[in-house]
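Asker: Provided below are the primary sequence and the corresponding predicted coordinates.
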Amino acid sequence: MKRRRISWTLAAMAVSGAALAVLWPHAHEAGAMLAAQDDPAQLSDIQVSSALRNKQDLIVGQIEAALESHDTGLAESFVDLAKARHIELPQDLVNRVNQTVAEDSSAAHFAGRFASGLVTGNADDAGSLSGTVAGDLFVFGDIRDVVREGKHLIMGQDTDRLVLGLAAAGLAVTAATYVTVGGTAPVRAGLTLVKDARKIGRLGEGLTAWAGRSARDVVNAPMLEEAVASSATTSPIRTVSAVRAAFNAEKAGALVRMAKDVGRISEKAGARGALDTLKIAEGPEDVARAARLAEKSGGKTRALIKLLGRGALLLTTGAFDLLLWVFSALFTLFSLLVSIKATTERLTQSWIDHRKRRRLRTQLAAGQMAGATADG
């Protein structure tokens, strides 16, 4: 009976140990993610480690895909990520990325992208962003957008109030940029990028809904009507003054703060990094987290967002599910400790009982010998 009880505790100990070995890696990762939920950079690092553990050639495949789609910035971002994690890449692949980066950084290519951004008002890289921001700094881009959307508003047509609000805010911020000699440049760049993302359909649904609500009261419609009626792109100073008068700065605080975060992302991760963020963000909190991620991760930001999506910014797995892993591991650990304690106690008791029986047999044998000697 005692041997059977010992066998049961040994079996329970073995099962608990095996279960703990399986659960522990998941529980450790879950605990680390819960601890890092307020630090996007650390949270991303944990999740990337898990992704690379499951697929060793993940980064190589992503670089190949980025080069195939002519997205040099994303390919370079994955190379930076590989270097940071001490992952050796095929030399020919690194050479291809370096060559493509050099071609895209050439003066001729940059000038072409600058001109494209200046004329079209759309930015998707450093060159086109510089052109777009230049156009907005000279107010032509924002005046164009305000006049177009303002006329739609006055005539009762479909109006993109978000573009209207962003353009009006841009005109106000541009004036401040000149006054402070570039002190509000990140906000200016951020407003331009959000406006461009809206135009080309790269603004996430959640962020679009929030920004639309925030921009609704930014412009005073009656005053804008007067401004648009007297506007002319050939007389930008008069138009800017009129639009600024229709701009409600008190209502634009949240929109400007978000734009500032977008500008910070652009500074650290590039224009495409900012556009990638705007596509996945559900609200200004996501954008603020992305700014913190970009400040710590720099050039790796685009790669992290590409791999993890919104999971690069916050916990997308439910906290309850993560806690379940942790508590399951703790319960299994407790079961293992109980099994070890029970096994130790029963083995010790068995050993004590065995010693007692040996001692008793020795005493009985000695007594029998003494009795036999006395009879003799």
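Answerer: Thanks, I have the structure now.

Asker: From now on I want contacts and neighbour counts done on CA atoms only, so please keep to that.
Answerer: OK.

Asker: Okay, now the unreliable bits of the chain?
Answerer: By pLDDT under 70, the low-scoring segments of the chain are 1-3, 105-140, 174-185, 221, 224-240, 242-244, 316-322, 370-376.

Asker: all helices for the stretch 1-150 of the chain, in order.
Answerer: 2-35, 40-54, 58-68, 72-84, 91-104, 107-120, 126-137, 140-154 (DSSP state H, counting those that start in this stretch).

Asker: looking at those helices, which is closest to A259?
Answerer: The closest of the helices of the stretch 1-150 of the chain to A259 is helix 126-137. By CA to CA, the value is 13.3 Å.

Asker: that older thread, mean neighbour count for the helices of the stretch 1-150 of the chain - can I get that in TSV?
Answerer: Conversion of the helices of the stretch 1-150 of the chain to TSV gives the following (neighbours: other CA atoms under 10 Å):
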stretch	mean neighbour count
helix 2-35	16
helix 40-54	17
helix 58-68	17
helix 72-84	22
helix 91-104	14
helix 107-120	17
helix 126-137	24
helix 140-154	21
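
Asker: would you turn those helices into a markdown table with distance to G298?
Answerer: Listed next are the helices of the stretch 1-150 of the chain as a markdown table, based on distance: least, CA to CA, whole Å:
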| stretch | distance to G298 |
| --- | --- |
| helix 2-35 | 21 |
| helix 40-54 | 10 |
| helix 58-68 | 17 |
| helix 72-84 | 9 |
| helix 91-104 | 17 |
| helix 107-120 | 21 |
| helix 126-137 | 15 |
| helix 140-154 | 29 |
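
Asker: Compare those and give me the one nearest D261.
Answerer: Comparing those under CA to CA, the one sitting nearest is helix 40-54, at 14.5 Å.

Asker: What is the closest one packed up against?
Answerer: helix 2-35, helix 284-297, helix 301-308 (3 or more CA pairs under 8 Å, 6 or more residues apart in numbering; DSSP states H and E).

Asker: Quick one: closest of those helices to R144.
Answerer: helix 284-297 (26.5 Å).

Asker: Kindly calculate the angle that that closest one makes with helix 40-54.
Answerer: Using axes from the mean of the first three to the mean of the last three CA atoms, to 10 degrees, the inter-axis angle of helix 284-297 relative to helix 40-54 is 70 degrees.

Asker: Buried residues of helix 284-297, list them for me.
Answerer: 284, 286-295, 297 (16 or more other CA atoms under 10 Å).

Asker: again with stretch 206-223
Answerer: 206-208, 211-212, 214-219, 223.

Asker: For the residue nearest to L89 when sequence neighbours are not counted, give its distance to A245.
Answerer: Among residues not flanking L89 along the chain, V60 sits closest, at 7.0 Å (CA to CA, 6 or more residues apart in numbering). Separation of V60 from A245 (CA to CA, to the nearest Å) stands at 53 Å.

Asker: got it, and D353?
Answerer: In terms of CA to CA, D353 sits 97 Å off from A245.

Asker: same deal with A254?
Answerer: Using CA to CA, A254 is found at 19 Å from A245.
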